[in-house]
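Q: next come a sequence and a model predicted from it.
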Amino acid sequence: MQRTDDIRLPRHGRTALAGIARALRGVWEIPRRDPFAAAGVILYLLFILVALFADHLVTHDPREILFDENYDLARNLLPSADHYLGTTYSGRDIYSQLVMGTRGALIVGLTAAISVVTIGTVIGLIAGFFGGWVDTLLMRLADVALGVPFLPFVIVLAAMMEPSQWNVVLGIALLLWPQSARVIRAQVMSLRERAFVEAARVTGAGPWRILFVHIAPNVLALSFLYASIAVGWAILTEAAISFLGFGPSNTVTWGYMLQDAYASQALGREQYYWFVPPGLCIIAVVVAGFFISRGYEEILFPKLRD
Amino acid sequence: MTADAPLIEVDSVSRSFDVSRSAADILRGRRPQIHAVTDVDFTLRRGETLGIVGESGCGKTTLGRMLIKLIPPTSGTVRFQGADIGEMDRQAELAFRRRAQLVFQNPFDALNPHFTILRSLQEPLRNARVPAAEHEERIAEALRMVHLAAPEHFLMSFPHQLSGGQLQRVVLARALVLRPDFIVADEPVSMLDVSVRAGILNVLREVRDRLGLAAVYISHDLSLVRYVCARTITMYLGTVVEDGPTRDLIESPLHPYTRALVQAVPVPDVNQSHDPLPIKGGLPDARNPPSGCRFRDRCPLAEARCAAEVPRLREVSPGRRVACHVVA
């Protein structure tokens, strides 16, 4: 008979952390399977690096109005070695604005995605697990949130409060949680019937422990999927709000750049180097997020590949 | 409390489930129900092992789940050491959970796919507030009892990396890690390959002999029951039809349904006679079971009395009860 007297229990992390680690490991599996997703991951990493090192990458203060050696306003300059993407109508360096805008976009995108998915996951878990009137209440609330028109709501919110990028985050968090909440609720409803949940009850776990320790790790991967979609939504919305002129005036974002270019009639002056780069960046981030979520989805639901 | 006092007392326990209503049911104001378990009673002492046999749908799993307080009975009581488990507050329930455990049928579903094996084994100890310093010893003890070879190789693995036999041993170890006084095993080997069944059955037998706990084994398989249980109950459509020492029950079954079950056990003999089983038809609709004896429409011995009168479980010899008008 084998000896088991001398076994040593290895150390292990907390469940939630382990669940996150496993979901993240799933992220690293994507590039190997799907070239589009790999491109998405690379693009994202690029944008994250630019956002992190924005202070070192800028050549000028993006908000500073520049003058040439004759103390004339350095406006509408063409791209050159001094100004990689030229300058704006009011004499600001476009390249530096673009770099700083990356930081703004990612901050809005990531905070919005985290809040959307946190709210959605917690509500989905509670609604799916407890059912009954709790479920009814939360899902009717979700219906209300889904019924509110998205952009007008965020504009009203931004107009009523101090203009700031956090309004956009708040608006997105308030309106976008139902999608993830519904999917996670459905998943929880099927998980709670599984034998391992019953096993947790038999070993004496209370309902909250069953929900957050036993069930939650099983839906975290879905949360990540919805987070990657929400990032793109948030960045698009922020750009739209800024373009419409309801954005914060003290930070530079891609949407703000587009608004500035539009208001200064850059298109009429054919200053493509001004408004095309921020537009391309918005598209690139959103598409990258879409590719990653698609690749991740295929890992979650392998049948999609057929 | 004396050693002879029953650990588990099941007193006329019934359980019915609502089923979805058809349009006709709603118009007539009917609420159709399935009576999964009807008026079951038995007692179980420490050290006793009881087998519950019957075909699928006879309510044996529902009964097992009521014994372990996973679902409440519709009527009747289950008492654990004299205390009604339906009336327990959270504190008493936790104490009960420490002492009564369940072994699951499907080992592939009974362990959390996101937990390591170690984590699954630690979870009961953690919920029972066993000091962390004792975890190692308790887990090692439980793993020894189920004869899991080289646990250090898979304690940090996830369930999908283990085989069915290994998983079922882990599930068993999880039930034993709290040193329970009572376990319910619901079809503990039915999902396993025949080749690994014997190993698990040996473990069950050893556990029974070594720990002296009270155990209920639920199975459709008489050979399992014969191997591990001293006493057996036959269930048919939610009712107990026969109760007695396993050997007597298998060697000289009284109730016609038990007889049919015994005959249905395959014998490894190619020249075996293929007499048709003495029962006919399939399991009747549990929503409206036959009047009188529930088995009468399939019974080869049925008489007029069987349709009119429900047979009571009567003691025919010491420790042997049967519910049949004809044989008792």
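A: Structure's in. What do you need?

Q: residues contacting the closest residue to B:E187 other than its chain neighbours?
A: In space, not counting the residues next to it along the chain, B:E187 is nearest to B:Q105; the distance is 4.1 Å by C-beta to C-beta, 6 or more residues apart in numbering or on different chains. Where C-beta positions appear, they are placed from N, C-alpha and C, glycine not excepted. With contacts defined as C-beta atoms under 8 Å, 6 or more residues apart in numbering or on different chains, B:Q105 is in contact with A:195, B:186-188, B:190-191.

Q: please tell me how far B:Q105 sits from A:G255.
A: For B:Q105, the distance to A:G255 (C-beta to C-beta, to the nearest Å) stands at 57 Å.

Q: likewise for A:L280?
A: A:L280 is 14 Å from A:G255, by C-beta to C-beta.

Q: out of these two, which sits in the busier spot?
A: In this comparison of A:L280 against A:G255, neighbours counted by other C-beta atoms under 10 Å in any protein chain shown, the higher total goes to A:G255 at 29 against 12.

Q: correct me, but that one touches A:S242?
A: Yes. The pair A:G255 / A:S242 is scored as a contact, 2.9 Å apart, by C-beta atoms under 8 Å.

Q: strands of chain B, start to end?
A: Assigned by DSSP state E, the strands in chain B fall at B:8-18, B:33-44, B:49-53, B:75-80, B:83-84, B:100-103, B:182-186, B:214-219, B:231-236, B:239-245, B:314-317, B:320-322.

Q: parallel or antiparallel, which strands does the first one pair with?
A: Strand B:8-18 pairs in its sheet with strand B:33-44 (antiparallel), strand B:75-80 (antiparallel), by DSSP bridges.

Q: lowest average pLDDT across these?
A: Set side by side, the strands paired with strand B:8-18 differ in mean pLDDT, and strand B:33-44 is lowest with a mean of 88.

Q: residues of that strand that come out buried?
A: Within strand B:33-44, the residues that count as buried by 16 or more other C-beta atoms under 10 Å in any protein chain shown are B:34-40, B:42, B:44.

Q: any stretches of chain A with poor pLDDT?
A: A:1-33, A:299-306 (pLDDT under 70).

Q: for it, which segments count as helices?
A: Ranges of helices within chain A are A:15-33, A:35-52, A:54-57, A:94-130, A:132-147, A:150-160, A:165-191, A:195-202, A:207-209, A:220-243, A:254-263, A:272-300, based on DSSP state H.

Q: hmm, who's touching the third one?
A: Translated: helix A:54-57. Surrounding helix A:54-57, the residues in contact under the criterion C-beta under 8 Å, 6+ apart are A:50, A:99-100, A:102-103.

Q: now swap in the fifth one and tell me
A: Contacts made with helix A:132-147 from outside it, assessed by C-beta under 8 Å, 6+ apart, are listed as A:123, A:126-128, A:174-175, A:177-179, A:181-182, A:185.

Q: still on that earlier bit, please identify which of the contacts of B:Q105 is nearest to A:A39.
A: Taking C-beta to C-beta as the measure, A:A39 lies nearest A:A195 of the contacts of B:Q105, at 41.1 Å.

Q: thinking the closest one is in contact with B:L102, fair?
A: No. Here A:A195 lies out of contact with B:L102, judged by C-beta under 8 Å, at a distance of 9.4 Å.

Q: ok, these two, which is more surrounded?
A: Taking neighbours as other C-beta under 10 Å, A:A195 and B:L102 compare with B:L102 leading, 28 against 20.

Q: ok, A:R209 to B:L94 distance?
A: As it turns out, when the distance is counted by C-beta to C-beta, A:R209 lies 12 Å from B:L94.

Q: so what sits against both of the two?
A: Taking C-beta under 8 Å, 6+ apart as the criterion, A:R209 and B:L94 both touch B:N127.

Q: quick one: residues contacting B:V262.
A: The contact partners of B:V262, by C-beta under 8 Å, 6+ apart, come to B:222, B:250, B:253.

Q: for chain A, see how far away the last one is.
A: Counting by C-beta to the nearest C-beta, to the nearest Å, the gap from B:P253 to chain A is 32 Å.

Q: the second one now?
A: Noted for B:I250: a distance of 30 Å to chain A, by C-beta to the nearest C-beta.

Q: what residues does the stretch 1-150 of chain B have near chain A?
A: The interface of the stretch 1-150 of chain B toward chain A, taken as C-beta under 8 Å from any C-beta of the partner chain, is made up of B:68, B:70, B:90, B:93-94, B:97-98, B:101-102, B:104-106, B:109-116, B:118-119, B:122-124, B:127-128, B:135-136, B:139-140, B:143-144, B:147-150.

Q: ok, the spatially most central residue of chain A to B:G165 distance?
A: To find the centre residue of chain A, average its C-alpha atoms and take the closest one (C-alpha atoms, centre = their mean): that gives A:V231, at 2.0 Å. Applying C-beta to C-beta, the value for A:V231 to B:G165 is 45 Å.

Q: and if you look at A:G232?
A: A:G232 sits 47 Å away from B:G165, going by C-beta to C-beta.

Q: same question for A:V285.
A: According to C-beta to C-beta, A:V285 stands 50 Å off from B:G165.

Q: quick one, which of those two is more surrounded?
A: Looking at A:V285 and B:G165 with other C-beta under 10 Å, you find the greater number of neighbours at A:V285, namely 26 against 18.

Q: how about stretch B:197-217, does it get close to chain A?
A: No. No part of stretch B:197-217 sits close enough to chain A to count as contact by C-beta under 8 Å from any C-beta; the gap is at least 11.3 Å.

Q: what residues sit buried inside that stretch?
A: Using 16+ other C-beta under 10 Å as the test for burial, stretch B:197-217 gives B:197, B:199-201, B:203-204, B:207-208, B:211, B:213-217.

Q: and the helices in the stretch 51-200 of chain B, which stretches?
A: Shown for the stretch 51-200 of chain B, the helices assigned by DSSP state H, counting those that start in this stretch span residues B:60-67, B:90-99, B:117-127, B:132-145, B:164-176, B:194-211.

Q: so which of the ones you listed gets nearest A:W166?
A: Taking C-beta to C-beta as the measure, those were each checked against A:W166, and helix B:117-127 came out nearest at 38.6 Å.

Q: which elements pack onto the closest one?
A: Packed against helix B:117-127, as judged by 3 or more C-beta pairs under 8 Å, 6 or more residues apart in numbering or on different chains; DSSP states H and E, are the following elements: helix B:132-145, helix B:164-176.

Q: what lies in contact with it?
A: With C-beta under 8 Å, 6+ apart as the test, helix B:117-127 has contacts from A:9-10, A:12, A:15, A:200, A:203-205, A:209, B:94, B:97, B:101, B:111-112, B:115, B:134-135, B:138-139, B:142-143, B:154-159, B:162, B:170, B:173-174, B:177-178.

Q: go on, stretch B:48-57?
A: Applying C-beta under 8 Å, 6+ apart, the contact partners of stretch B:48-57 are B:42, B:44, B:60, B:63-64, B:208, B:214-222, B:224-225, B:228-237, B:246, B:261, B:283, B:286.

Q: could you do stretch B:79-96 as well?
A: For stretch B:79-96, the surrounding residues in contact (C-beta under 8 Å, 6+ apart) are A:204, A:206, B:1, B:5, B:7-11, B:69, B:72-73, B:77-78, B:99-100, B:127-128, B:182.

Q: which residues of the stretch 201-328 of chain B score low on pLDDT?
A: Looking at the stretch 201-328 of chain B by pLDDT under 70, you get B:269-278.

Q: since that was my last question, I'll sign off now.
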